[in-house]
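Undergrad: from the sequence below, what's the structure:
(2 chains)
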Amino acid sequence: MAINESILTLILLAPLAGAVLVALLPDRGKLPAWLALLTTLVSLGLTLHLPAHFVLDQHGFQFEINRPWIENPAIFYHVGVDGLSLWLVVLVGLLAPVGVIASWNAIKERRKVFYSLFLLQQTAMYGVFISLDLMLYYGFWELSLVPMAILIAMYGRKEGPKAAIKFFLFTFIPSAPLLVAILWLYAHTGTFNFAELRLLIASGSLPSGALCWVALAFLFAFAVKVPVFPLHGWVADTFSEAPVALAMVVAGKLGLYSMLRFHIGLFPVQARSLAPLLVALAVIGLLYGACLALVQRDFWRLIAYAAISHLSLITLGIYGLTFTGWDGAIYQILNHGVVDAALFLLLAVLEVRYGTSQISAYGGLASRVPQMATLFVISTLAMIGLPMLNGFVGEFLILSSTFTGVSRGWAIAATVGVILGAAYMLWLVQRLFYGPESELASQPAPDLHLGEQVVLWPLAVLMLIMGLAPSIWIPSIENRAGSTALRGSATVPASALSTSLHGESQQ
Amino acid sequence: MTTVPDIYRILPEVILTLTGVLIMLLDASMSTGASRRALGWVGAFGTTLALWSSLWQLSLPMGTGFYSTVETSPFTIFFHVLICGIVLVALLLSLDSLPENSHHQGEYYALIVFGAVGMCLLTAAVELLLVFIALEISSIATYVLAGYRKETGRSPEAAVKYFLLGSFATGFLLYGIAMIFGATGTTQVYEIAHSIPAAHHHTLILASLALMLVGILFKVSAAPFHVWAPDVYEGAPSPVVALMATAPKAAAFALLLRVVYEIFPTLRSIWTPLLWIVAILSMTVGNLAALRQQNVKRMLAYSSIAHAGYLLAAFAGLGNAGIAAASFYVAAYAAMNVGIFAVVTVVSGYEENLPLIQDFRGLIYRSPMLGGLMIFFLASLIGIPFTGGFFGKFYSFSAAVGGGAIWLAIIGLLNSGIAAAYYLRLALAVAQHPAEEPSTASLYQPRIGVALSAALLFAVGATLVLGIVPGEVLRSAQSGAHTLQPPPEATEVMDITALR
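TA: Residues are numbered from 1 along each chain as shown, chains lettered A, B, ... in the order given. Coordinates of the predicted model:
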C-alpha cells in the first residue's frame, strides 16, 4: 500500500510545509493562526492513520522507510514506528491543535514568526519519534531546540532571553557527548541503523568498557531533557517563561521516549547496571518535585515542579526494568501529555483573563466561571490518579510493578510522593476556585469561549476513556519492536503483573 | 597522455588577472566624479567566468603545467570554486554597501580580484616559491583592503597591524622553504616528498616543518598565532572582513593540507600532536574570549579562531577522511561566515555606527528578513542540524574519532556548547523586543538591493545545501583528498628515532 509507505514522510512534511506557507504569506490579522490550525488538524488526521493501520500481531517496525540519504557517512532516511512510538506520534499530533488554540489570544503580535516556528517545532518532534537512524534522530533532537529557544526569547513573560539561554545550554551541552558517542558507535560498527546497532551491541563484539561510557553519554543527554533529579535546573524557568503552547508540547516526552528507545533499547546491560541509581534518583525527584510544588506561589512554577514529580514517576517505571512498568510508563507519558495540555490551557486562560499567575490573588472563582472550574477539577483528578480517569492506570501499573518487581521501600516512598501530588493539586484547586471570593474574582470575566470548549471537553472525555478502557491502547503499546530483547533485560518476569494489568483493563 | 596547453592549467587565474587589469584600465578612463559601481559588476562577471572555467578544468586530465609548478586536480578545483564563490559574494556585497561617493572604488574592486588571483594560485601551486609568491599576492591585496576606510582611525591601524604581523609570519614561511631547500635541494613539492625519506638533514627538515606551520597557522588565525584577528576584523570595513575571514583562510588551509599531507606525510607522528594542541588551544581560547565581547565583529573574529580549531581537529583523522573533512569544513565555514558578515555589514552600515550586540536588539522587528538570516547563520555557526555548520563539525569530529582522537572530539563538542552561549546572546538580542526609547538603532533602516539579495541568497543557499544534501560537495572533497595523497614511494613511514 503506497499510503502506508509514505505516511510517515507526509506526517513529517505536513507541518514543515505549513511553516513555510505561514512564513511566506503576509502577517495579516489571524491568518497565520488559521493556517497553523488547519495544518495541525491535517497532521493530526495523518497521524490517526497510524493506529488505524497498525498491525497488532506483526512484530518489528511498521510503516518503515529506509532510503540512503548521505553516502558517507552512511546516513539513511530511515523512519518507522512500533508500539513505543505509535501513540506518541499521535499525541504530538493531538497536542498541536491544542497548542494553537492556547496561543489564539495569548499571542497578539508577530503571529507569523510564532506559528511558523511552532510548526517547525512540530516537524522536529515527529522526527525524533519516528527516526530509526541515529544521525537522523540526532538531527531532529537538536533541531527541536532552536524554535523553542527563539520562541521563549521572543514571547517569554518577563525574563524570556535568560530562560531561553538556560534552556538551550542545558539541553545543548549534554548532546555534545551524545554526538561523540554516536560517532564512536559509527566508527566501530559502520552503521547508524538502530536495529543493526542493537544486534551488534547485543552480540558483544564491541569493547564493553567503552560501551559503558557510550551508554552513559546517551543517558546523560536524555536525563537532562526529561529532567531527572538533579539535572532539573532549567525546567522551572522554562515552564514559567515559555509560551503555553510550547511548554505543553515539549514537556518530558522526548527524553523519556529516548531513554526507552535508545538507552535501554540499545544498551540493556549497561542500563541494568545503572538502574538502581536511576530508580533512587527518580524517587528522590518525585518527592522533591512534590515538596517544592507545595510551596510555590506562582501557578506556572507549581506546574513545573509537578511536572518534575510526574516525569520522575515515569522514569521510575522505565528503570524498574519490568515489562509492566514500561507499559505503564508509556501509558503515563500519554496521560501526562493529555492532562498537562488541559491544565496548561486552563491556566493560560486564567492568566489571560485575570492578568496574573500569583495563586494568592485568586479565590472563589467557581461560581463565576463554572465551566472552567469543572474542567479544571476533572483534569486535576485525572492528574492525581483518581480511578476511572487515565492517571490511575499509568500510576497503578508503575507503582505495582515497582512494588513487586523492584523494591517495596522505593514503591512506598513513591506512593508517598503520589499522595503529596494529590495534596498540592487539590490545594491549588481550592485556592483558585473555592474559598472566599477574592477581589480579582469579582472582576467580570467571561467563562470559556467556544474555541476553548471545543478543545477542552474532548480532552476531558479522552481522559475518561483512557481511564476506563486502557485496552484500546495497551495491546499496541505492548507490540514494541524487539520487545523480546527488552523482556530479556528485565530483571523480573512480568507475567504476574500482566494478569493484574488485564484485570485492570477489563474494568 | 594528451598534452594540455599550460595556459589551461591556470585559466581561472588568467581570467581573474585580466578582469583586474580591465577594472583598473576602465577606472583610469572614467571621469573622476563618475560612479564606479559598474566596475564592481565587471569584477563579479569576471569572477563568475573564473568559477565556470575552474569547473571546466574538471574535464582536463589531472596533471601539472609550467614546468611542474602548477597543478590541476580535483583538489585545486574544489578550492578554486570555493574561493571564486566567496569572492563573488564579497563583490556583490560591496556593490551595495560601499557608499556611492567613496574614493578609489575602482581600486577596491581590482584589489579584491587580484587577491583572488593570489588565493587561487596558492591552492594550485606545487612549487614552494610559487606558493610564496601567491601568498604575497593575496596578502598584499588584503593588507590594502583592510585599510580602505582611510577616514577613520581604526582602519589604517588594522591595516598596519595586519601588514606587520602578516609579513613577519610570511617570513617564517619563507625561512621554512629555504630550509627544506637546503635539506633536499629542491622546492618542487613532489620532489621534496620524494627525497625526504632519503635526506640526511633531519634537523633541517624538522625546523622547516615547524617554521612553515607557524607561517600558515598565522594565516588561518589559529591560537597562539591569532592575536591579530580581532583587531583587524574590528578595524577593517565589514565587506572586506567578510572576504578576508573566509577566502584567504580557505586558501591557507588548502596550503596546510598540501604541506602536511603531501610534503611531510612521513612526519605524521610529529605534526599530529602539534596540530592537536593548536586545535584545542584555538577552540578554547577563541570561545572563552568570544564570551566576553560586546562588539559583534570582535566576537565573530574570536568565533572564527574557534572554528579554525574545529577544523584542525579533522587533521587528526586518517589520510583521506581527514583531508575530505577539512575541505568540507572550509566550505561550510566559508558559506556561513561570509553570510553572517554580510548581514553584519548591512546592519552596522558602512560607517559602523552600530557595532555592538545591543545595537542588534530587535533586529527581527526592524527587518524580519535580516533578523531571520542572522539567526539562521548563527544557528549554522552553533552547529544545528540541517545547516552547513552541523555537517562541517560532524565530518571534522568523526574524522577525529575515526583517527582515534576521541578526547579531541569531546573537547571540541564541549567547546561548541560554550560557543552556543555567545552565539545565542546575539541571536536572542536579535529576537528580543526593541528597546522602548527610540535609539539610533531603531531609526536606521537597512537597505537591501539586488546585488546584496543575490549575495545573501548565495550564502543561504550554500549553507542549506551543505546541511541538507552534503553528498555532492563531500564527494568532490573526497576526490580532492584522493589526489592529495602522497606518491606511493613516500608513504613508508620514516624511522622517527633516526631524527633525534
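Undergrad: just confirm A:Q58 is within a helix.
TA: No - counting by DSSP: H, G, I helix; E, B strand; the rest coil, A:Q58 is located in no helix; its state is coil.
Undergrad: can you report phi and psi for it?
TA: Note on A:Q58: backbone dihedrals following degrees, to the nearest 10 are phi -110, psi 120.
Undergrad: who's in contact with the residue lying closest to it once chain neighbours are set aside?
TA: Using C-beta to C-beta, 6 or more residues apart in numbering or on different chains and skipping residues adjacent in sequence, the residue nearest A:Q58 is A:N479, 7.8 Å away. C-beta coordinates here come from the backbone N, C-alpha and C atoms, glycine included. Under the criterion of C-beta atoms under 8 Å, 6 or more residues apart in numbering or on different chains, the neighbours of A:N479 are A:54, A:56-59, A:82-83.
Undergrad: can you check the pLDDT for A:N479?
TA: A:N479 carries a pLDDT score of 77 in this model.
Undergrad: before we move on, what about the one 3 residues further on?
TA: Confidence per residue is given as pLDDT, and for A:G482 that number is 53.
Undergrad: ok, B:S138 - contacts?
TA: Counting by C-beta under 8 Å, 6+ apart, B:S138 touches B:115-119, B:122, B:248, B:251.
Undergrad: switch the cut-off to 10 Å
TA: Neighbouring residues of B:S138 by C-beta atoms under 10 Å, 6 or more residues apart in numbering or on different chains: B:83, B:114-122, B:219, B:244, B:247-248, B:251-252.
Undergrad: what helix or strand is residue 139 on?
TA: Answering for chain A, as no chain was given. A:G139 is part of helix A:134-143 when elements are defined by DSSP states H and E.
Undergrad: chain B was what I was after
TA: If you go by DSSP H and E, B:S139 is part of helix B:128-146.
Undergrad: what's the mean pLDDT across the helix holding A:G139?
TA: For helix A:134-143, the per-residue pLDDT averages 90.
Undergrad: Three-state assignment for B:Y350, please.
TA: Recorded secondary structure, B:Y350: coil (three-state DSSP).
Undergrad: next, count neighbours for it.
TA: When counting by other C-beta atoms under 10 Å in any protein chain shown, one arrives at 16 neighbours for B:Y350.
Undergrad: do the one 3 residues further on as well
TA: By the other C-beta under 10 Å criterion, the neighbourhood of B:N353 contains 11 residues.
Undergrad: ok but it is inside a strand, no?
TA: No - counting by three-state DSSP, B:N353 is not found in a strand; it is coil.
Undergrad: which parts of the stretch 201-350 of chain A sit against chain B?
TA: A:210, A:213, A:217 (C-beta under 10 Å from any C-beta of the partner chain).
Undergrad: check what pLDDT the second one gets.
TA: Okay, so that is A:W213. Looking at A:W213, its pLDDT reads 89.
Undergrad: avg pLDDT for the helix or strand following the helix holding B:S139?
TA: Next in sequence after helix B:128-146, counting helices and strands by DSSP H and E, comes helix B:154-184. Helix B:154-184 shows a mean pLDDT of 91.
Undergrad: the helix holding B:S139 vs helix B:154-184, what angle?
TA: Angle of helix B:128-146 versus helix B:154-184, following axes from the mean of the first three to the mean of the last three C-alpha atoms, to 10 degrees, is 170 degrees.
Undergrad: determine how far helix B:128-146 lies from the middle of the whole chain.
TA: 13 Å (C-alpha atoms, centre = their mean, to the nearest Å).
Undergrad: can you tell me the average pLDDT over that helix?
TA: For helix B:128-146, mean pLDDT rounds to 93.
Undergrad: sketch out the low-pLDDT regions of chain A for me.
TA: Applying pLDDT under 70 to chain A flags the ranges A:1, A:250-251, A:481-507.
Undergrad: what residue lies at the spatial centre of it?
TA: A:K253 (2.3 Å; C-alpha atoms, centre = their mean).
Undergrad: please report how far that one lies from B:R268.
TA: 47 Å (C-beta to C-beta, to the nearest Å).
Undergrad: with B:K297 instead?
TA: 37 Å.
Undergrad: between these two, which one's more packed in?
TA: The neighbour comparison of B:K297 against B:R268 (other C-beta under 10 Å) goes to B:K297, with 23 against 16.
Undergrad: I figured that one hits B:E234, correct?
TA: Yes - here B:K297 reaches B:E234: they are 5.1 Å apart, a contact under C-beta atoms under 10 Å.
Undergrad: overlap in contacts, those two.
TA: B:241, B:352, B:355.
Undergrad: and of those, the nearest to chain A?
TA: Checking those against chain A with C-beta to the nearest C-beta, the nearest one is B:P355 at 20.4 Å.
Undergrad: quick revisit: can you redo the contacts of A:N479 as CSV with neighbour count?
TA: Formatted as CSV, the contacts of A:N479 follow (neighbours: other C-beta atoms under 10 Å in any protein chain shown):
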residue, neighbour count
A:F54, 19
A:L56, 9
A:D57, 6
A:Q58, 10
A:H59, 14
A:D82, 23
A:G83, 23
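Undergrad: from those, which single one is nearest chain B?
TA: Chain B lies nearest to A:D82 out of those, by C-beta to the nearest C-beta, at 23.8 Å.
Undergrad: mind listing what the closest one touches?
TA: Counting by C-beta under 10 Å, 6+ apart, A:D82 touches A:54, A:58-64, A:132, A:261, A:476-477, A:479-483.
Undergrad: can you do 7 Å?
TA: A:61-62, A:479-481 (C-beta atoms under 7 Å, 6 or more residues apart in numbering or on different chains).
Undergrad: helix or strand for residue 118, which one?
TA: Picked chain A for this. Using DSSP H and E, A:F118 maps to helix A:111-130.
Undergrad: that's the wrong chain, I meant chain B
TA: helix B:105-124.
Undergrad: so how far is that helix from its chain's centroid?
TA: 13 Å.
Undergrad: which strands or helices does it pack on?
TA: helix B:11-29, helix B:37-56, helix B:74-97, helix B:128-146, helix B:247-257 (3 or more C-beta pairs under 7 Å, 6 or more residues apart in numbering or on different chains; DSSP states H and E).
Undergrad: again, only this time at 10 Å
TA: Using 3 or more C-beta pairs under 10 Å, 6 or more residues apart in numbering or on different chains; DSSP states H and E, the elements in contact with helix B:105-124 are helix B:11-29, helix B:37-56, strand B:70-72, helix B:74-97, helix B:128-146, helix B:238-244, helix B:247-257.
Undergrad: so what secondary structure elements neighbour the shortest one?
TA: What that stands for is strand B:70-72. helix B:6-9, helix B:11-29, strand B:63-65, helix B:105-124.
Undergrad: any idea how far it is from the middle of the chain?
TA: For strand B:70-72 - counting by C-alpha atoms, centre = their mean - the centre lies 20 Å from the chain centre.
Undergrad: again with the second one
TA: Distance of helix B:37-56 from the chain centroid (C-alpha atoms, centre = their mean) equals 19 Å.
Undergrad: the longest strand along chain A near chain B anywhere?
TA: In chain A, taking DSSP state E as the definition, the longest strand is strand A:62-70. Yes - remark: strand A:62-70 sits within contact range of chain B at A:68-70, by C-beta under 10 Å from any C-beta.
Undergrad: now, among those residues, which is nearest to chain B?
TA: Among those, and counting by C-beta to the nearest C-beta, the member closest to chain B is A:I70, at 5.2 Å.
Undergrad: hey, which helix or strand in chain B has the poorest pLDDT?
TA: helix B:440-443 (a mean of 54; mean pLDDT, DSSP states H and E).
Undergrad: now do the buried residues in the very next helix or strand once past that one.
TA: Where DSSP H and E defines the elements, the next helix or strand beyond helix B:440-443 is helix B:450-468. Across helix B:450-468, burial judged by 16 or more other C-beta atoms under 10 Å in any protein chain shown covers B:451-452, B:454-456, B:458-460, B:462-468.
Undergrad: in the stretch 201-350 of chain B, what residue lies closest to chain A?
TA: B:A324 (8.4 Å).
Undergrad: how near is that residue to A:A36?
TA: Using C-beta to C-beta, B:A324 is found at 42 Å from A:A36.
Undergrad: many thanks, I have nothing further to ask.
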